[in-house]
Structures are given as structure tokens and as C-alpha cells.
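Enquirer: fold the following and give me the result.
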Amino acid sequence: MKRILGIIPSRLESSRLPKKPLHEIFGLPLIAHVYKRASMSKMLTDLIVATDSAEIVQLVEAHGGRAMLTDINHKNGTERMAEVIAKYPDYDYYTLINGDEILLNPASIDVSIQTLLDNEYADASILAVPFTRENSPSDFKIVCNLKNEVMYISRNDIPSAARNAVEHRLKAYHLMTFKPKTILDYSQMEKTPLEKIEDHEHLRLLEHGYKILCKVVNDNCISLDMPTDIPIIEAYLKEDDTYQLYAGKL
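Expert: Coordinates of the predicted model:
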């Protein structure tokens, strides 16, 4: 039986929504929503929030979760993840769960894990959802080869519809599973040219030739980024089966 640690990176400050992890939706802080949903995964052995904030640590623990205070200077969730792996090295795989994925589907965590388990040649897996919105630079789009290996990740609309119609694109659903070596290697690499342009940390792995396998799911992949997202998210939560499983226990 493989041992798998789920890691939820959570940074207190956000440029678009101050103290975003503490923002309450239906009376529950965002980070608590994500933790409760992630804890429903059937394949995670353990789960931990990795944060730069003692306030978030206390909040997670108050809701029955587990959290670790990490370096405030980390630039992204993958760097924060590397610090957790250094402290907890005895797992076979590590799953990154973004701390703002309030509509996270617990079953998709298991899809992410199983995708890598089934393809041991790969270094990591990432999920994606079909996506039709255009000119949306806050959403990262993925293109894959015929083996479902990620070729590139961009804020632009890829593939381009300049010559031929595009039925849909693939939006990156930042639910990823990694081999331990992949993250530890990543933490020793300098930023790469395309990563600097696109501002997406996992281009660093692609530029070094690492294999990231993509699996498409049909989740409502809407993260909390701006105040305008809140009424949209609340409408989805009202109809969300996963939310109903823990809403009555608040």
C-alpha cells in the first residue's frame, strides 16, 4: 500500500482578496472548506496544510486539521511543498492541493494519484477541465501530446483559434501528484526562461524535460480569487453534494 501525503499550501496574503484563506463562505473559512473536502479522499494517507501564517495553523487545528508553519519567503506552493517533504520524507507520493479550490472534488484527488500510480515513468500528474472562456489570463491553459503528456502551460489561449476553430481548451486544475524526487529536484533548480515569462512554476519542470501526465475530469473547477467569485461559488455550493456532507457538521 503506497503512503501518500496530501499537502495544501496556503499563503495568508493575496493581492486580490486580503487574507483569502480566512475569508468565510457560509460561515466557514476558505481553508477549512478545502481541508474538509480533501480529507474525504480515499487514497490519501495523511493531510497537512503548509502555511506562512500562525493564524492559519491555529484555525486549521481548531477545525480538527493538521498544519505546519513554513518559511514566509517561499515564492509558490511547490516551494512550500518541498519544505514539508524535507520534514516528512517517508511517503511514496505527495499530492499538491491548492488552498483556494473551494469546490474541490475529493474523488479527483484519487484520480490524480491513480494517474501517476498507473504511469510510473512519469514524474508528476496534473488534472485539467474542459474550458471555453477566451481571453482569460488568470486561467492557465494546457496543451498535451498524443500520450496525454503536458507540452506547455500558458495564460494565453492555447491552442490558438487564429486559423481553425477550437472546440474547447484545457484549463489547468492545480491538483497534482508528484514523486518525491521531482519536488526535491525542483527545489534545487533556478527559474527557467518560460517560467519567468508565463509566471507558472511547473514550466520549470517541463523545461528540464520532466514528464507531467494530464488527466481530464469534469469538475466545477472554480477557485476563490476575487470578491466577484463569491456569489458564483455560493450558488455552486448550494447544489454541491460534497458540501452537504460536511455542512451539517459545522
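
Enquirer: distance check, A172 against L237.
Expert: Going from A172 to L237 by Cβ to Cβ, to the nearest Å gives 22 Å. C-beta here means a position set from N, CA and C on the backbone, and glycine is covered the same way.

Enquirer: the two: which is more packed in?
Expert: The neighbour count for A172 versus L237, taken as other Cβ atoms under 10 Å, is higher for A172 (22 against 19).

Enquirer: so the more buried one sits against S125, correct?
Expert: No: counting by Cβ atoms under 8 Å, S125 is not a contact partner of A172; they are 12.0 Å apart.

Enquirer: mind listing the helices for the chain?
Expert: Ranges of helices within the chain are 30-38, 54-62, 77-87, 106-117, 180-188, 193-198, 203-207, 230-238, 241-247, based on DSSP state H.

Enquirer: deepest of those helices, which one?
Expert: Of all the helices of the chain, helix 30-38 has the most neighbours on average by mean count of other Cβ atoms under 10 Å, namely a mean of 25.

Enquirer: from the contact counts, what lies against it?
Expert: Secondary-structure packing of helix 30-38 (3 or more Cβ pairs under 8 Å, 6 or more residues apart in numbering; DSSP states H and E): strand 4-10, strand 46-51, helix 54-62, helix 106-117, helix 241-247.

Enquirer: paired strands for the longest strand belonging to the chain, with orientation please.
Expert: Assignment by DSSP state E gives strand 169-178 as the longest strand of the chain. In the sheet, strand 169-178 lines up against strand 93-97 (antiparallel), strand 124-131 (antiparallel), strand 141-144 (antiparallel) (DSSP bridges).

Enquirer: kindly export that strand (C-alpha atoms) in PDB.
Expert: This file holds the C-alpha atoms of strand 169-178, laid out as PDB (Å, rounded to 0.1, in the frame of the first residue of the first chain):
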ATOM      1  CA  ARG A 169      -9.300  24.200 -24.400                       C
ATOM      2  CA  LEU A 170      -8.000  22.500 -21.200                       C
ATOM      3  CA  LYS A 171      -7.800  24.600 -18.100                       C
ATOM      4  CA  ALA A 172      -5.200  23.500 -15.500                       C
ATOM      5  CA  TYR A 173      -6.800  22.100 -12.400                       C
ATOM      6  CA  HIS A 174      -4.000  22.600  -9.900                       C
ATOM      7  CA  LEU A 175      -4.400  19.200  -8.200                       C
ATOM      8  CA  MET A 176      -1.100  17.500  -8.800                       C
ATOM      9  CA  THR A 177       0.700  14.300  -7.600                       C
ATOM     10  CA  PHE A 178       4.500  14.100  -7.500                       C
END
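
Enquirer: tell me the angle that strand makes with helix 106-117.
Expert: Relative orientation of strand 169-178 and helix 106-117, computed by axes from the mean of the first three to the mean of the last three Cα atoms, to 10 degrees: 70 degrees.

Enquirer: and the pLDDT for the spatially closest residue to H33 that is not a sequence neighbour?
Expert: Once flanking residues are discounted, H33 sits nearest to I102: 5.0 Å by Cβ to Cβ, 6 or more residues apart in numbering. Here the pLDDT value assigned to I102 is 93.

Enquirer: does A128 really touch H168, like I thought?
Expert: No: A128 lies out of contact with H168 (Cβ under 8 Å); the separation is 10.5 Å.

Enquirer: which of those two has more residues huddled nearby?
Expert: More neighbours surround A128 than the other of A128 and H168, with 26 against 10 (other Cβ under 10 Å).

Enquirer: list the contacts of the residue nearest to the more buried one when sequence neighbours are not counted.
Expert: Nearest non-adjacent residue to A128, counting by Cβ to Cβ, 6+ apart: L170, 4.0 Å away. Applying Cβ atoms under 8 Å, 6 or more residues apart in numbering to L170 gives the contacts 128-131, 141-144, 214, 216.

Enquirer: thanks a lot, catch you later.
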